[in-house]
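Student: after the sequence you'll find the predicted model.
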Amino acid sequence: MTKIEFANIDSFSEYNYFPSQNDLAGKRQLTENEKNILIKNYNHSSDSDWNNIYVSEQFDANLIKHSEFSGTIVIGNLQKANLKFHDLVLETGIYHSKVRSCVIGDNVAIRNVRYLDNYKIGNGVILFNIQEMSCTNHSKFGNGILKEGEPESNRIWIGVCNENGGRDILPFESMLPSDAYLWAKNRDDKELLSRFVELTEYHNDKKLNTYGLVEDFAVIKNASLIKDAKIGSCAYIKGAFKLKNITVLSSEDEPSQIGEGVEMVNGIMGYGSKVFYQAVAVRFVIGRNCQLKYGVRVLNTVLGDNSTVSCCELLNNLVYPFHEQHHNSSFLIATTIMGQSNIASGATIGSNHNSRSPDGEIVAGRGFWPGLCSDFKHNSKFASFVLVSKGSYQCELNITYPFSLVSINSTEQAISIIPAYWFQYNMFAMARNNSKFQKRDKRAVKAQHIETDPFAPDALQEIMSSLNRIIKLTARTLKYDDLQKAKDFLHQNPDADLTLEDPRCMKRYGAKIHKAARGYKEYRKVAKYFAVKTLANWYENTTYTRPSREFFNSILDIELFTEWENVGGQVIPSAKIAELFDLIKQRKINTWEEVHQFYEECQKNYEAYKARYSLWILEQLYARKVVDFSKDITKDILKDVIAVSTYMYESSISSREKDYTDYFRTITYKNQEEMLEVVGKLEDNSFLKELKIETENFNKRLEEIFAKI
C-alpha cells in the first residue's frame with residue numbers, strides 16, 4: 001500500500017512554474033472588502049491573508065461561495081450572468097468547490113467540483129459535479145514523450161497491427177493514420193525508427209512544468225475522475241467515468257463529445273469525435289469525426305477519420321478512415337484494415353492464431369467486407385474491395401484479386417474466387433462508393449487525405465497484377481508454352497467457362513478461380529475506364545484545345561510511378577515514400593509537421609502522377625506506345641469505357657429496381673402504396689438522379705474528346 005504523505009499546502013504555492021508571470025499580468029490582489037465578502041460567504045484560503053488570490057478589475061466576490069482555495073489562484077473577469085448549455089443553466093461563479101493552483105478565465109461556472117488542481121480554465125467554461133480534476137507536472141496528455149528524469153519504461157507506446165509489440169508506435173497529438181502506417185510497417189530500418197522517435201520528441205522541452213487545460217466554452221459535468229487531461233474548446237463531457245492522460249481535440253467547428261460511463265486512458269481523441277455509453281479506450285489515437293459507443297473496447301489501436309465502432313472489440317489494430325463495425329459479436333485483433341471497410345456481425349478477425357506466439361497479422365486493402373460469422377487464420381492478406389462470403393477459413397489466405405468474391409465450396413477443400421465480382425454483379429456499389437463516402441465526410445479540416453474512389457492507383461496496380469496472373473494461369477491450364485497464346489485465348493473467348501487453379505491464394509489447398517475469362521475482360525475494361533477518365537480530367541485542366549501528340553508528350557514528361565501505397569488513406573507512389581524516408585534520415589525533415597507538408601506536396605501532384613500512370617496502363621494493355629495507337633485502338637478504348645460508364649448507371653438502376661419488382665421484397669407490405677411510403681419512389685432516389693446526369697455528361701465529354709484525336 002502506498003504511504004500517505006502529509007503535504008504542506010499553507011505555502012504560497014507548490015508549483016513554481018504555474019501560474020506564471022504571464023498569467024498574473026493585468027491582475028491584482030483582493031481588496032479588504034472583497035476578502036470580507038469571501039469570508040462571509042463561507043470561503044476559505046490556505047493563506048490567512050488571502051494574498052494567494054489574484055483577480056481582474058471586473059471581479060464580483062459575491063459570486064464565490066462555500067469554496068476552498070490553496071496555492072496561487074488567478075481569476076479572470078467574474079460578473080453575474082447565466083451560462084446555458086442545452087438544458088443546463090448555471091450562474092457564473094465558483095460554488096462548493098476546492099480549487100488549488102489554477103488559472104481561471106472570464107465568466108466561468110464552477111460548481112460542486114470536489115477537487116480542482118493545477119489547471120488552466122478558459123473563458124465561458126462550465127465545470128459541474130466533478131469528483132476529481134487534477135494534473136501532474138509530468139503529464140504528457142497521451143503523447144508518447146518523456147519528461148525530465150523519466151525512465152524509458154514510462155513511455156506510452158501503442159501496439160498496432162501485432163499483439164507482440166513488434167510494430168509499436170508513439171502517439172502524438174497531430175498523428176495521422178499515414179504516420180502510423182509508415183512507422184508500423186518499416187521495422188527493418190532501425191535508423192528510420194530512431195528518427196521517428198526524434199520527430200515525436202522534437203517540440204518537447206522535457207521540463208516538469210505541465211498543467212491541465214480546459215479551453216474556452218468547454219462543458220464538463222457529472223464526471224468522476226479527470227486526470228492529466230487537455231480538453232479542447234467547445235468540448236462537451238458528461239457523465240464520464242475516467243479520463244486520464246488524454247488529449248481531447250475540439251473546436252467550435254468540430255466540437256468533440258464524451259458521454260456516460262466512458263473510460264479513456266493514454267490517448268488522443270480527434271476533432272469532432274464522439275465517445276458514448278460505457279465505451280472504453282486505452283492506448284489509442286482516434287481520428288476526426290469518429291464515433292465510439294455502446295460498450296466498445298478499443299485498445300492499442302489507431303482509428304482513422306470518419307469511422308464508427310460500437311459494441312465490438314478492437315485490439316492492436318491500425319484502421320484507416322471510413323471503418324464501420326457495429327456488432328457485439330465481432331472483434332478485430334492484430335490487423336491493418338485500409339479503410340472503407342465494414343465488419344459484419346460474428347466476424348472474428350484475429351481469433352485463429354497458428355503459431356506458438358500471438359504474432360500473427362491480417363492485412364486488408366480498401367473496401368474489405370467479410371461476411372457474417374467469418375473467421376480467418378493469421379497470417380492472411382486481402383486485395384482491395386474483397387468480399388468474403390460467410391465461413392470459417394481454416395488456412396491462411398492471400399487474396400491478390402481485387403474486387404473479388406471469396407467463398408468456401410462445401411464439396412471441395414480449395415476456396416472459390418470470382419475475380420472482378422463487383423463489376424459483374426454489383427456495379428451499383430462501385431458507382432455509389434465515391435459519392436457515399438464523400439457525403440459522410442463531416443470533417444471541417446481534412447488533414448488526412450482520403451482516396452474514396454474505388455478506381456484509384458492502389459486498386460489499379462492490383463488489377464494489372466491480376467491480369468498478368470490470369471494470363472500465366474491460363475497458359476498453365478491450357479498447356480500453352482507461350483503467354484501470348486494464353487492472352488489471345490482470353491481476348492477471343494471472353495465468355496469461356498474457364499476455371500483456373502491458383503495455389504498461392506490459400507495455404508495447403510489453394511483456390512479455384514471461376515469465370516476467369518470474364519474476370520479478365522472486366523478487369524481490362526475497368527483499367528481502360530480508369531485511364532481514360534483520368535486523362536479526360538487532366539485534359540480539361542490544361543490549355544490544350546485538342547488531345548494532340550503534344551498533349552500526350554506533355555504527360556510523358558511527367559515522372560512515371562507504377563508502384564503505389566495506400567498510406568493511411570492517401571494513395572502515394574512508393575518511390576515518393578522512399579524519398580521521404582531519405583529526407584528524414586538526412587535530417588532535412590525534422591518534425592511531423594514537415595512530414596505532413598510532404599504529404600501535401602504529394603497530393604498536389606497526385607492528378608499529374610495518375611495521368612502519367614494512366615498512359616502507362618493503356619500502353620501495357622495494348623503492348624505498344626500510346627503515340628503508336630491506331631484509330632481502331634482508340635475506337636476500342638472509347639467503346640469499352642462508355643460501356644463501363646453506361647453499365648454503372650444501368651446496373652445501379654436494375655439493382656434498385658429489385659427492391660420494387662422482386663416478389664420477396666414486397667411480401668412484408670400489404671400494398672404498393674405502403675411499400676412506396678416505406679422505401680420511397682425509385683425516381684426520387686437522389687443518387688440515381690445525380691448518376692444519370694454524370695453518366696450522360698461523361699459519355700458526351702469522351703465522345704467530344706475522342707473526336708478530336
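Tutor: Everything's here; your move. Just so we're clear, the structure is a prediction, and the values are computed from it rather than from any experiment. Residues are numbered from 1 along each chain as shown.

Student: after the helix or strand encompassing Ser645 comes which helix or strand?
Tutor: Assigned by DSSP states H and E, Ser645 belongs to helix 631-661. Next helix or strand after helix 631-661 toward the C-terminus (DSSP H and E): helix 663-666.

Student: could you say what helices and strands that next one packs with?
Tutor: helix 631-661 (3 or more CB pairs under 8 Å, 6 or more residues apart in numbering; DSSP states H and E). Where C-beta positions appear, they are placed from N, C-alpha and C, glycine not excepted.

Student: any idea how far Ile246 is from Leu490?
Tutor: 56 Å (CB to CB, to the nearest Å).

Student: then Leu146?
Tutor: Counting by CB to CB, the gap from Leu146 to Leu490 is 59 Å.

Student: residues contacting Leu397?
Tutor: Leu397 makes contact with Phe376, Lys377, Ser380, Lys381, Phe382, Val406, Ile415, Cys505, Met506, Lys507 under the criterion CB atoms under 8 Å, 6 or more residues apart in numbering.

Student: helix or strand with the lowest mean pLDDT in the protein?
Tutor: Sorting the helices and strands of the chain by mean pLDDT, DSSP states H and E puts strand 348-352 at the bottom, at a mean of 72.

Student: wait, doesn't Asn154 sit right on Leu146?
Tutor: Yes. At 6.2 Å, Asn154 counts as touching Leu146 under the criterion of CB atoms under 8 Å.

Student: what about the two, which has more around it?
Tutor: Shown here are Asn154 and Leu146; by other CB atoms under 10 Å, Leu146 has more neighbours (18 against 12).

Student: in which helix or strand does that one reside?
Tutor: Following DSSP H and E, one finds Leu146 outside all helices and strands.

Student: leaving out sequence neighbours, find the closest residue to it.
Tutor: Leaving aside its chain neighbours, Leu146 sits nearest to Arg155 (5.6 Å; criterion: CB to CB, 6 or more residues apart in numbering).

Student: one step back: inside helices: which ones of the contacts of Leu397?
Tutor: Assignment to helices by DSSP state H places none of these there.

Student: most neighbours, which of the residues you listed?
Tutor: Counting by other CB under 10 Å, top hit in the contacts of Leu397: Phe382 with 29 neighbours.

Student: from Ile169, how far off is Asn143?
Tutor: Taking CB to CB as the measure, Asn143 and Ile169 are separated by 12 Å.

Student: er, Ala707 I mean
Tutor: Distance from Ala707 to Ile169, by CB to CB: 53 Å.

Student: higher neighbour count, these two?
Tutor: More crowded of Ala707 and Ile169, by other CB under 10 Å: Ile169, with 26 against 10.

Student: return the residues in contact with the more buried one.
Tutor: Gly144, Trp157, Ile158, Val160, Asp179, Ala180, Trp183, Ala184, Phe196, Val302.

Student: can you redo those residues as CSV with secondary structure?
Tutor: Converted to CSV, these look like this (DSSP: H, G, I helix; E, B strand; the rest coil):
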residue, secondary structure
Gly144, coil
Trp157, coil
Ile158, strand
Val160, coil
Asp179, helix
Ala180, helix
Trp183, helix
Ala184, helix
Phe196, helix
Val302, strand
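
Student: and the buried ones among these, selectable in PyMOL?
Tutor: Buried subset of the contacts of Ile169, written as a PyMOL selection, criterion 16 or more other CB atoms under 10 Å:
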select buried, resi 144+158+160+179+180+183+184+196+302
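
Student: for the contacts of Ile169, give me JSON lines that also has distance to Lys689 and pLDDT.
Tutor: JSON lines is the format used below for the contacts of Ile169 (distance: CB to CB, whole Å; pLDDT from 0 to 100):
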{"residue": "Gly144", "distance to Lys689": "49", "pLDDT": "97"}
{"residue": "Trp157", "distance to Lys689": "50", "pLDDT": "97"}
{"residue": "Ile158", "distance to Lys689": "44", "pLDDT": "98"}
{"residue": "Val160", "distance to Lys689": "42", "pLDDT": "97"}
{"residue": "Asp179", "distance to Lys689": "40", "pLDDT": "98"}
{"residue": "Ala180", "distance to Lys689": "39", "pLDDT": "98"}
{"residue": "Trp183", "distance to Lys689": "44", "pLDDT": "98"}
{"residue": "Ala184", "distance to Lys689": "43", "pLDDT": "97"}
{"residue": "Phe196", "distance to Lys689": "48", "pLDDT": "98"}
{"residue": "Val302", "distance to Lys689": "38", "pLDDT": "98"}
